[in-house]
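Visitor: I would like the atomic coordinates for the input below:
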Amino acid sequence: MKQSNRESEYLIEKIKEHGELIAAIASGLIILLAWRMESTGLSTASVIAYLSAFVIGGYAKAKEGILDTIQNKNLNVELLMILAAIGSAIIGYWTEGAILIFIFALSGALETYAMNKSHREISALMNLQPEEAWLVRGGFEPIKVAVTSLKVGDHLLIKPGERVPVDGQILKGTSSIDESAISGESMPVTKGSGEDVYAGTVNLNGTLTVNMTKPNSETLFQKIITLVQSAQSEKSPSQQFIERFEGTYVKFVLLTVLLMLFIPHYLLGWDWTTTFYRAMVLLVVASPCALVASIMPATLATISNGAKNGILFKGGVHLEHLSVLKLLAVDKTGTLTVGTPVVTDVIVRDSLNERETIATLASIESQSNHPLAQAIAKYAKEQDIQPTQGIEIEDVPGWGLKANIQNSTYLVGKPDFVGKAEAAQFANYAAENLAAEGKTVIFLKDEEGIAALVAMKDTVRDEAKHAVKLLKDLGIQVTMLTGDNEKTAKTIASEAGVNEYIAECLPETKVNHIKDYFIKYKNVGMVGDGINDAPALATATVGIAMGGGTDVALETADVVLMKNDLSKIAYAVSLSKKMQRIVKQNIIFSIAVIALLIISNFLQIVDLPFGVIGHEGSTILVILNGLRMLKS
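Guide: Residues are numbered from 1 along each chain as shown. Next up, the predicted model:
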């Protein structure tokens, strides 16, 4: 019984979704029937059938036009079409008027399809978020509860094959996670204890226990849905202009039609039937249906395309801005680079065993949460060197660490902390050379002197060089803004291949540099991921945030890259340029068709049936051209 009810509800939902198309097809079939009755002499029956086709095919658009006119107090193309169909019927052209309604309804159904196609991406996303989750309660068996009842701090069990219900951190277990719903990346990511997981992603093969870290309303998944929804409702400047233009143009057409009802009769000697007929043809062919449909379907299709590829546009206006971008300013840490340092060089005193020395250093550093300390601990783990746990250390803020191991004292830190002269003598000036390469150098000192030095560096992302090259190929200059020192900035800029760099930037100086670039380039983009990048992201023509960045950066930016892949920027720019080409094609084509049909009407070359086909056919072609943006 329940299954039957669900099937009935699904069928009703589908009928509602495709209601306009069903009405258009029904009106078309009735028109064929009416034409057949008219050809066999059943005039009255054919008129009744034509009227039925008018009502069934034109109801949705007539209702939309009337309500829109009342609400906005402005005329629109829907009213023009209804008036043209009624006028055609008045002068006895029932077939032409009905065909006009049929094709107009068909083009409306196609435009609705374009809208639904974009909204369907949101529905598909929302369906990915589970409604129930397994709540872990101490030593008791997990129970299934509604996701909406969960709160931050709850522990959840996620079984293989299940979707992750919340944003959280793995407490226990290791598994491959399919994050394609979040990042657009099809390759699964292996995650274990301490790593973050996101709502809507899929746990592929392991059992995980997860600590919920964010409320349902603040999950990354929910933010994606909100961002795309707001993007769909926000109209681009071009669309806003077209909509303002539509009301004025419709008034002009109605005035012209009114004049044409009389002037040709008195000035050109047309009979009243011809005059009225040509006025009705003008009412059809001068309607800006194709022009109005030139932008919105293409914009919605582009936003959907971006969402499927891990790029979130917060509105059509940002798509237009991306297409004219001349310079892109890029933050260094976490954007061009990975954001976490890695060990590149280790030099140990000749009298010491290298592995034992690294083990000692790692034992000290493993007690600290500093990024440099974590990099050394990670390096030791990669070398299969196990640090000793439980060593007491003293953190000397701004300098380094002090530790006692088996009655021996060790210092770890900067040259000034361990002894500048000793450090320089040990390294034989190698430390200066390493620093010149943009590396950070720390020293380990024991009771006999400097025992070792370790050089670390924030590495350039694998895809950064490729991304910069792609942007340059698109004619976009790339500059790096960073708070790092001159040496580090120069090294990273060289490795990444950017055009220029500016070092030692504070948040306010980044904003000033963006403003300076406006003078030369006019359209400037900014890419960042941190709180310190937010002012520059807000100042730029287009602010682009890395998906792994801070909430402030994500909220401030105009475009979000869900996967921290800079090459997606080039894809987004290419997408926006293609959309602009399609929009221009649509506008030029629609204006050219309207002008040609109007001239042909005055010369009495085109009749009402061909006027209907030319006008509505151009509208359908324009919508189909916009839907090409759905393809990658």
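
Visitor: from now on I want contacts and neighbour counts done on CA atoms only, so please keep to that.
Guide: Will do.

Visitor: let me see the ranges of the strands in the stretch 201-350 of the chain.
Guide: Listed in chain order, the strands of the stretch 201-350 of the chain (DSSP state E, counting those that start in this stretch) span 202-203, 208-212, 311-313, 327-331, 337-348.

Visitor: let me have those strands in TSV, extended by mean neighbour count and distance to Val166.
Guide: Formatted as TSV, the strands of the stretch 201-350 of the chain follow (neighbours: other C-alpha atoms under 10 Å; distance: least, C-alpha to C-alpha, whole Å):
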stretch	mean neighbour count	distance to Val166
strand 202-203	26	11
strand 208-212	24	6
strand 311-313	27	21
strand 327-331	26	30
strand 337-348	17	26
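
Visitor: could those strands be laid out in TSV, adding distance to Gly28 and mean pLDDT?
Guide: TSV is the format used below for these (distance: least, C-alpha to C-alpha, whole Å; pLDDT from 0 to 100):
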stretch	distance to Gly28	mean pLDDT
strand 202-203	46	86
strand 208-212	56	91
strand 311-313	39	82
strand 327-331	52	87
strand 337-348	60	80
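
Visitor: can you tell which of those strands is closest to Ser39?
Guide: strand 311-313 (54.8 Å; C-alpha to C-alpha).

Visitor: direction included, what does the closest one pair up with?
Guide: strand 559-561 (antiparallel) (DSSP bridges).

Visitor: and the very next helix or strand once past the strand it pairs with, how far from the chain's centre?
Guide: Moving toward the C-terminus from strand 559-561, the next helix or strand (DSSP states H and E) is helix 567-602. Offset of helix 567-602 from its chain centre (C-alpha atoms, centre = their mean, to the nearest Å): 22 Å.

Visitor: output the contacting helices and strands for helix 567-602.
Guide: helix 272-285, helix 289-292, helix 296-308, helix 316-323, helix 464-473, helix 608-626 (3 or more C-alpha pairs under 8 Å, 6 or more residues apart in numbering; DSSP states H and E).

Visitor: now it against helix 608-626, angle please.
Guide: 170 degrees (axes from the mean of the first three to the mean of the last three C-alpha atoms, to 10 degrees).

Visitor: please point out which parts of helix 567-602 sit buried.
Guide: 567-580, 582-583, 586-587, 589-591, 593-594, 597-598, 600-601 (16 or more other C-alpha atoms under 10 Å).

Visitor: can you map out the helices along the stretch 51-200 of the chain?
Guide: 77-90, 94-128, 180-183 (DSSP state H, counting those that start in this stretch).

Visitor: those: lowest mean pLDDT?
Guide: Among the helices of the stretch 51-200 of the chain, helix 180-183 carries the lowest mean pLDDT, at a mean of 58.

Visitor: pretty sure Ile582 contacts Gly626?
Guide: Yes - using C-alpha atoms under 8 Å, Ile582 makes contact with Gly626 at a distance of 6.5 Å.

Visitor: any idea how many residues pack against Met526?
Guide: 30 (other C-alpha atoms under 10 Å).

Visitor: what lines up beside the helix or strand containing it in the sheet?
Guide: Met526 belongs to strand 524-528 when elements are defined using DSSP H and E. In the sheet, strand 524-528 lines up against strand 327-331 (parallel), strand 542-546 (parallel) (DSSP bridges).

Visitor: and the next helix or strand past it?
Guide: helix 534-539.

Visitor: need the contact partners of that following helix.
Guide: 507-508, 510-511, 514-515, 525-528, 543-545, 552-553, 556-557 (C-alpha atoms under 8 Å, 6 or more residues apart in numbering).

Visitor: can you select the buried ones from those in PyMOL?
Guide: Under the burial definition 16+ other C-alpha under 10 Å, those of the contacts of helix 534-539 that qualify are selected in PyMOL by:
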select buried, resi 507+510+511+514+515+525+526+527+528+543+544+545+552+553+556+557
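
Visitor: mind putting the strands paired with strand 524-528 into TSV with distance to Ala290?
Guide: As requested, the strands paired with strand 524-528 are exported to TSV (distance: least, C-alpha to C-alpha, whole Å):
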stretch	distance to Ala290
strand 327-331	34
strand 542-546	30
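
Visitor: walk me through the domains of this structure.
Guide: 2-123+231-299+579-630, 132-222, 316-337+461-577, 340-459 (automatic domain parsing).

Visitor: which one, of these, ends up nearest to Asn305?
Guide: domain 2-123+231-299+579-630 (5.4 Å).

Visitor: now do the strand holding Met526 against helix 316-323, angle only.
Guide: 100 degrees.

Visitor: one step back: show me whatever sits in contact with both of Ile582 and Gly626.
Guide: Common neighbours of Ile582 and Gly626 (C-alpha under 8 Å, 6+ apart) are Ala298.

Visitor: hmm, Ile91 is touching Ala279, no?
Guide: No - using C-alpha under 8 Å, Ile91 makes no contact with Ala279, being 11.1 Å away.

Visitor: higher neighbour count, the two?
Guide: Neighbour totals were compared for Ile91 and Ala279, and Ala279 leads with 25 against 13 (other C-alpha under 10 Å).

Visitor: which ones are touching that one?
Guide: 257-258, 260-261.

Visitor: residue ranges with poor pLDDT in the stretch 401-550 of the chain?
Guide: 427-432, 435-438, 506-507, 530-532, 547-550 (pLDDT under 70).

Visitor: quick one: the helices in it?
Guide: Under DSSP H, counting those that start in this stretch, the stretch 401-550 of the chain gives helices at 415-418, 420-427, 430-436, 464-473, 486-496, 507-521, 534-539.

Visitor: what separates the second one from the chain centre, distance-wise?
Guide: The gap between where helix 420-427 is centred and where its chain is centred comes out at 52 Å by C-alpha atoms, centre = their mean.

Visitor: now swap in the longest one and tell me
Guide: From the chain centre to the centre of helix 507-521 is a distance of 25 Å (C-alpha atoms, centre = their mean).

Visitor: from the rest of the structure, what touches it?
Guide: Looking at what lies outside helix 507-521 - C-alpha under 8 Å, 6+ apart - the contacts are 326-327, 329, 481, 524, 532-533, 535-536, 539-540.

Visitor: switch the cut-off to 7 Å
Guide: 326-327, 481, 524, 532-533, 535-536, 539-540 (C-alpha atoms under 7 Å, 6 or more residues apart in numbering).

Visitor: turn the residues you listed into a markdown table, columns for distance to Thr409.
Guide: Shown next, in a markdown table, are the contacts of helix 507-521 (distance: C-alpha to C-alpha, whole Å):
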| residue | distance to Thr409 |
| --- | --- |
| Lys326 | 57 |
| Leu327 | 53 |
| Leu481 | 41 |
| Val524 | 54 |
| Asn532 | 39 |
| Asp533 | 41 |
| Pro535 | 46 |
| Ala536 | 46 |
| Thr539 | 51 |
| Ala540 | 52 |
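
Visitor: of those, which is the nearest to Leu283?
Guide: Nearest member of the contacts of helix 507-521 to Leu283, counting by C-alpha to C-alpha, is Lys326, at 43.6 Å.

Visitor: picking up where we left off before, can you tell me which of the helices and strands packed on helix 567-602 comes nearest to Ala133?
Guide: helix 296-308 (26.0 Å).
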